[in-house]
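# the amino acid sequence is not available; the structure is as follows:
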Ligand SMILES: Cc1cc2nc3c(=O)[nH]c(=O)nc-3n(C[C@H](O)[C@H](O)[C@H](O)COP(=O)(O)OP(=O)(O)OC[C@H]3O[C@@H](n4cnc5c(N)ncnc54)[C@H](O)[C@@H]3O)c2cc1C
Ligand code: FES
């Protein structure tokens with residue numbers, strides 16, 4: 001769907017990290033955790049391209065939202081890294097953006113009864129909150145392992161805890177939680193009967209994928225790539241699949257085949 005959306009709130013949670021709520025058509029309630037949206041920040045020519053963001057949350061307003069004739073909303077959690085996100089951070093209540101959503105392949109929640117383990121690095125936590133909500137609604141036991149460079153990178157932990165998710169935090173500099181990589185904390189808790197869902201920087205995802213293979217734990221990863229169209233038309237977002245060789249190319253479109261992949265589908269070297 002392509003639709004106009006009104007900004008309801010756009011709040012700075014920690015330096016350079018924002019959480020933005022926008023109105024959404026009712027149909028977006030049928031989206032899956034792990035799917036993403038493409039947002040056109042401005043009608044101006046620059047920046048020309050839409051920017052991709054994971055769905056952080058989707059829901060309904062408790063009372064019909066005054067003046068906009070809609071009951072549904074979606075949220076994104078984003079980090080200011082360049083021109084598009086800088087412009088985004090300056091938007092206020094009442095501003096209008098243009099969205100394409102929901103896009104891509106989301107997480108497969110897996111069979112009930114397994115322990116679900118979410119692993120997020122920095123703003124990679126974004127799609128995991130929507131996922132945690134869906135898993136908790138099914139009555140699943142959910143644990144979150146969140147990592148970042150320092151305490152400012154650890155976002156919305158209280159929201160996860162309010163859902164009943166058990167949380168573990170690690171920061172590189174030890175300013176919050178354990179000192180070190182989140183993957184070290186994860187490794188101490190991994191065992192068969194778990195299912196991993198991870199999102200974050202590619203090196204972290206590679207480490208999680210390797211660990212999952214070693215422990216024979218199913219693992220899905222949500223990948224990032226530069227995107228132009230977001231719908232599989234430009235091939236700007238391809239990455240190598242597990243069977244890729246120079247003679248037999250195996251490429252996957254992050255926007256259409258992903259952004260969520262089974263970790264064994266991709267080449268991690
Ligand atoms: C499927 C998907 C979901 C995403 N979800 C989120 C999210 O929930 N929250 C969030 O904050 N960000 C998310 N991103 C990344 C986000 O799209 C980029 O940070 C954003 O497009 C940057 O736009 P910009 O104009 O501010 O930066 P630009 O001016 O375009 O670039 C600024 C810097 O950021 C780097 N950069 C930009 N885009 C990417 C990218 N896709 N991957 C790696 N580096 C990049 C550039 O190399 C450059 O160094 C997601 C990306 C994808 C593909
Ligand atoms: S962004 Fe165009 S094919 Fe994926």
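Perfect, I can see it now. Here the structure is a predicted model, which is why all the values come from computation and not from measurement. Ligands and ions are numbered 1, 2, ... in the order given.
# drop to CA atoms for contacts and neighbour counts, all remaining ones
Will do.
# ok, residue 101 to residue 152 distance?
29 Å (CA to CA, to the nearest Å).
# which of these two has more neighbours?
residue 101 (21 against 16; other CA atoms under 10 Å).
# skipping adjacent residues, who's closest to that one in space?
residue 37 (4.6 Å; CA to CA, 6 or more residues apart in numbering).
# shaky segments in this structure?
64-69 (pLDDT under 70).
# quick check: residues of it near ligand 2?
227-237, 253-255 (CA under 6 Å from any ligand atom).
# looks to me like the residue nearest to residue 101 is in a strand.
Yes. According to DSSP: H, G, I helix; E, B strand; the rest coil, residue 37 belongs to a strand.
# could I get the contacting residues of it?
52, 53, 54, 55, 99, 100, 101, 102, 103 (CA atoms under 8 Å, 6 or more residues apart in numbering).
# just checking, what packs against the longest helix along the chain?
If you go by DSSP state H, the chain has its longest helix at helix 202-215. The contact analysis (3 or more CA pairs under 8 Å, 6 or more residues apart in numbering; DSSP states H and E) places helix 202-215 against helix 182-189, strand 194-199, strand 219-222.
# need the helices for the chain, in chain order.
Going by DSSP H, the chain shows helices at 83-89, 126-137, 157-162, 182-189, 202-215.
# ok, now how distant is the residue nearest to the spatial centre of the chain from residue 63?
Nearest to the mean C-alpha position of the chain, by CA atoms, centre = their mean, lies residue 127 at 2.7 Å. In this view, residue 127 and residue 63 are 25 Å apart by CA to CA.
# give me the number of residues near residue 131?
23.
# tell me which parts of the stretch 51-200 of the chain are close to ligand 1?
Applying CA under 6 Å from any ligand atom, one finds that the stretch 51-200 of the chain approaches ligand 1 through 51-54, 76-86, 123, 126.
# and those, which are buried?
For those, a burial check counting by 16 or more other CA atoms under 10 Å picks out 51, 52, 53, 54, 76, 77, 78, 79, 84, 85, 123, 126.
# so who does the nearest residue to the fourth one once chain neighbours are set aside touch?
What it means is residue 54. Among residues not flanking residue 54 along the chain, residue 36 sits closest, at 4.1 Å (CA to CA, 6+ apart). Applying CA under 8 Å, 6+ apart, we find residue 36 in contact with 52, 53, 54, 55, 101, 102, 103, 104.
# beta partners of residue 117?
Going by DSSP bridges, residue 117 is paired in beta bridges with residue 143, residue 196.
# so who does it touch?
142, 143, 144, 145, 194, 195, 196, 197.
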